[in-house]
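S.K.: Okay, here's the prediction I keep looking at, along with the sequence it came from:
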Amino acid sequence: KRAPKTIAAPFSFRNLLLVTMAKLLSIVAAISLSVPGCHAFVVPGSVRANGVQLGAKLEGREIDGPLKPTNNFVLVKVAATLDETEGGIFLTGSAKISKTEGTVISVGPGKTHQESGLLFPMPVVAGEGVVYGQYDGTELDYEGEKHTLIRDDDVLVKYSGDELTFASVDVIGDNVLVKVEDNLDETSSGLVIAATSKKGAKPSTGEVVKTGPGRMASNGEIMRVDINVGDLVKFRDFAGNEVIIEGDQYAVVRMTDVLAKF
């Protein structure tokens, strides 16, 4: 007797399509796990094959996605602490100089005017350098490095590039940048002393070298400052925020603190 013939089940087009798709998916998944920077088929929040965690770290805690400032807050990566003076003297411990400047990482959408509801645009963008007040901001550990959250009003000046230079610096809002004068006084014995050396004294006059675009009104129009580059101004005592640019002393002054020009 002849052995009965085995009849194979028909291989449908649907089965062929499923097999082909399975092979393609396996190939693409293998590529995504082997090529650096390729995140295909990786579930958000999971660990990739190379051991890098998706998301970010805030104060040592894993968070989903990057940190996003709200309102008019700015996330700044703080510049490294100075360990050495320009003269080559190494600093240790509390003697190290902490900079109040850094690089903008991200910004919020801006603040809304309380009456008109108009959104005020942010004056800085990611990638720009900023200098802010010594006591401004909330420090935090983000991605293992020192960052701070400041308001846009806390920004004294902004600059492009890696270093703060006079050519790259700009003031924002209705602020003006003043090259302060060290008024010299003479004692009865003929000793000349600078105003900055007198007890409690700070320079409050100088020449305007840069001006901001102005402050936005409730209707969205820019109210420009009534000060021009080259004007000499007198401003309120202690109103200016000191900024050192390329070794020279400047003051960032709000237009409302300028008393007179001459």
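M.R.: Yep, that arrived.

S.K.: So residue 254 is in contact with residue 239, correct?
M.R.: Yes - with contacts counted by C-beta atoms under 8 Å, residue 254 reaches residue 239, the gap being 7.3 Å. No exception for glycine: its C-beta is placed from N, CA and C like everyone else's.

S.K.: So which of these two has more stuff around it?
M.R.: A count of neighbours by other C-beta atoms under 10 Å puts residue 254 above the other of residue 254 and residue 239, at 19 against 16.

S.K.: Now do the contacts for that one.
M.R.: Residue 254 makes contacts with 173, 174, 175, 239, as judged by C-beta atoms under 8 Å, 6 or more residues apart in numbering.

S.K.: Now it. Its backbone dihedrals?
M.R.: phi -70, psi 150 (degrees, to the nearest 10).

S.K.: What residues are bridge-paired with it?
M.R.: Going by DSSP bridges, residue 254 is paired in beta bridges with residue 175.

S.K.: Remind me which helix or strand the closest residue in space to residue 101 that isn't next to it in sequence belongs to.
M.R.: Nearest residue to residue 101 in three dimensions, chain neighbours excluded: residue 131, at 4.4 Å (C-beta to C-beta, 6 or more residues apart in numbering). Here residue 131 sits within strand 129-132, counting by DSSP states H and E.

S.K.: Tell me the helix or strand right after that strand.
M.R.: Remark: after strand 129-132, the chain's next helix or strand is strand 138-142, criterion DSSP H and E.

S.K.: Check which element follows that following strand along the chain.
M.R.: Sequence order places strand 145-151 as the next helix or strand after strand 138-142, per DSSP H and E.

S.K.: list the buried ones in that following strand?
M.R.: By neighbour count on 16 or more other C-beta atoms under 10 Å, the buried set for strand 145-151 is 146, 147, 148, 149, 150, 151.

S.K.: Name the residues that touch stretch 217-233?
M.R.: So stretch 217-233 is contacted by 113, 115-116, 118, 174, 176, 178, 205-216, 253, 255, 258-262 (C-beta under 8 Å, 6+ apart).

S.K.: quick revisit: please tell me I have it right and the residue nearest to residue 101 contacts residue 155.
M.R.: Yes - Residue 131 is within contact range of residue 155, at 7.4 Å (criterion: C-beta under 8 Å).

S.K.: who's more crowded, those two?
M.R.: residue 155 (25 against 22).
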